[in-house]
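>>> The sequence and its predicted three-dimensional model are supplied below.
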Amino acid sequence: MDKIGPNDAKALLSRQVTGGRYFFLNLAPGRTQTLALVMGGRERCNPDYALARRHFPFHGIECVVAGRGSVTLDGETHALEPGTVFAYAPGTRCEMRADPSDPMVKYFLAFAGRAVARRLKRCGVAPGEVRGLAVPAEVTGVFEDLVREGQRTGALAAEICAALGELLLLKIEATTMQAATTVEPARVAFLKCKALIDVQAERLGTLEEIARAASVEASSVCRWFRRYQGTSPYQYLLRRKMMIAAEFLVENGGLVKEAAQRVGFDDPYHFSRAFKAVHGVAPRALLNYRRVD
């Protein structure tokens, strides 16, 4: 993976975010390439998030997964909410603002190459356009896979990310072409709850909290997860928490107690038992695999 210096970071990334997770594949793609994934990430916007950009070196596509805000592309303003996706070109005038009372959480990818604009148009989000996804959770899952894989090192990391990037574009193409009325309502509700857990797993702790956040009955959440996931919503939440904890230990090291607190466990012993039940090893075992840049 390419390294990024402080000057490049200032030009490419906003500082008005919290807990940003980024990956950088190739910040200097060759001019002969047709479509190349350059970088991407996940950002939680601060309440005062406000961006005004007249130029960006790459084509970009962004997807809001939580919170609200607005985007103005070449003078046309659109509301942003969970499930909204939009794209821009290097010359697109782009302004974004977060709703201070409900700041956005969003994913983004940057592409370079001669065929990018045509590929974005094909998937239903040409540069300068904003679309609502019929089943946003399916797209969100691929975004999360991309960020996770992009942060790993290894000879095949770039190829894996390129494959996931194409999968993401295909998923967007499929869901922008699909009218929401043609999707089974129960599946849409399940995917909404699943996406909510994916994004907010660190702060959610019980089935009741999941149901309350999704504004549905707890019994309905259980029924949907049994039907479409083959497990309970709490088990899915627990696995998501343990994935976050494992990523934290590999990336940052530190105390097991810190990892436990990060995902909402006050008792490190209870956390360690849950961690081993999910991953098959104790949390301390992952410290041996801590990533060193």
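Perfect, thanks for sending it. Residues are numbered from 1 along each chain as shown.

>>> ok, Val116 to Leu196 distance?
Distance from Val116 to Leu196, counting by Cβ to Cβ, to the nearest Å: 31 Å. For every residue, glycine as well, the C-beta is placed using N, CA and C.

>>> What of Glu62?
As for Glu62, its distance to Leu196 is 19 Å (criterion: Cβ to Cβ).

>>> Could you do Ala186 as well?
Separation of Ala186 from Leu196 (Cβ to Cβ): 16 Å.

>>> one step back: so for Val116 and Leu196, which sits in the more crowded spot?
Val116 (25 against 21; other Cβ atoms under 10 Å).

>>> For the residue nearest to the more buried one when sequence neighbours are not counted, list each beta-bridge partner.
Spatial nearest neighbour of Val116, chain neighbours left out: His59 (4.4 Å); criterion: Cβ to Cβ, 6 or more residues apart in numbering. Going by DSSP bridges, His59 is paired in beta bridges with Phe111.

>>> how about His59, what does it touch?
87-90, 110-112, 116-117, 120, 127 (Cβ atoms under 8 Å, 6 or more residues apart in numbering).

>>> For the host helix or strand of Tyr236, name the packing helices and strands.
Using DSSP states H and E, Tyr236 falls within helix 233-252. Applying 3 or more Cβ pairs under 8 Å, 6 or more residues apart in numbering; DSSP states H and E, one finds that helix 233-252 makes contact with helix 185-200, helix 207-214, helix 218-228, helix 256-262, helix 268-279.

>>> Could you dump these into a markdown table with distance to Ala137 added?
Converted to a markdown table, the helices and strands packed on helix 233-252 look like this (distance: least, Cβ to Cβ, whole Å):
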| stretch | distance to Ala137 |
| --- | --- |
| helix 185-200 | 4 |
| helix 207-214 | 12 |
| helix 218-228 | 11 |
| helix 256-262 | 23 |
| helix 268-279 | 21 |
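
>>> need the least confident one among the ones you listed, by mean pLDDT.
Across the helices and strands packed on helix 233-252, helix 185-200 has the smallest mean pLDDT, namely a mean of 85.

>>> could I have that one exported to CSV, CA atoms only?
Extracted in CSV, the C-alpha atoms of helix 185-200 (Å, rounded to 0.1, in the frame of the first residue of the first chain):
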residue,chain,number,x,y,z
PRO,A,185,-40.8,-5.2,2.7
ALA,A,186,-39.6,-7.6,5.4
ARG,A,187,-36.2,-8.0,3.7
VAL,A,188,-35.9,-4.3,3.4
ALA,A,189,-36.6,-3.9,7.1
PHE,A,190,-34.1,-6.6,8.0
LEU,A,191,-31.4,-5.0,5.9
LYS,A,192,-32.1,-1.7,7.6
CYS,A,193,-31.6,-3.2,11.0
LYS,A,194,-28.5,-5.1,9.9
ALA,A,195,-27.0,-1.9,8.5
LEU,A,196,-27.8,-0.1,11.7
ILE,A,197,-25.9,-2.8,13.7
ASP,A,198,-22.9,-2.6,11.3
VAL,A,199,-22.6,1.1,11.8
GLN,A,200,-23.5,1.5,15.4
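
>>> What are the contacting residues of it?
Residues outside helix 185-200 that contact it (Cβ under 8 Å, 6+ apart): 65-66, 82, 105, 134-138, 140-141, 144, 180, 204, 210, 213-214, 216, 220-221, 224-225, 227-229, 233, 236-237, 240.

>>> Is it possible to mark the buried ones in the residues you listed?
Taking 16 or more other Cβ atoms under 10 Å as the criterion, what is buried in the contacts of helix 185-200 is 65-66, 82, 105, 134-138, 140-141, 144, 204, 210, 213-214, 221, 224-225, 228, 233, 236-237, 240.
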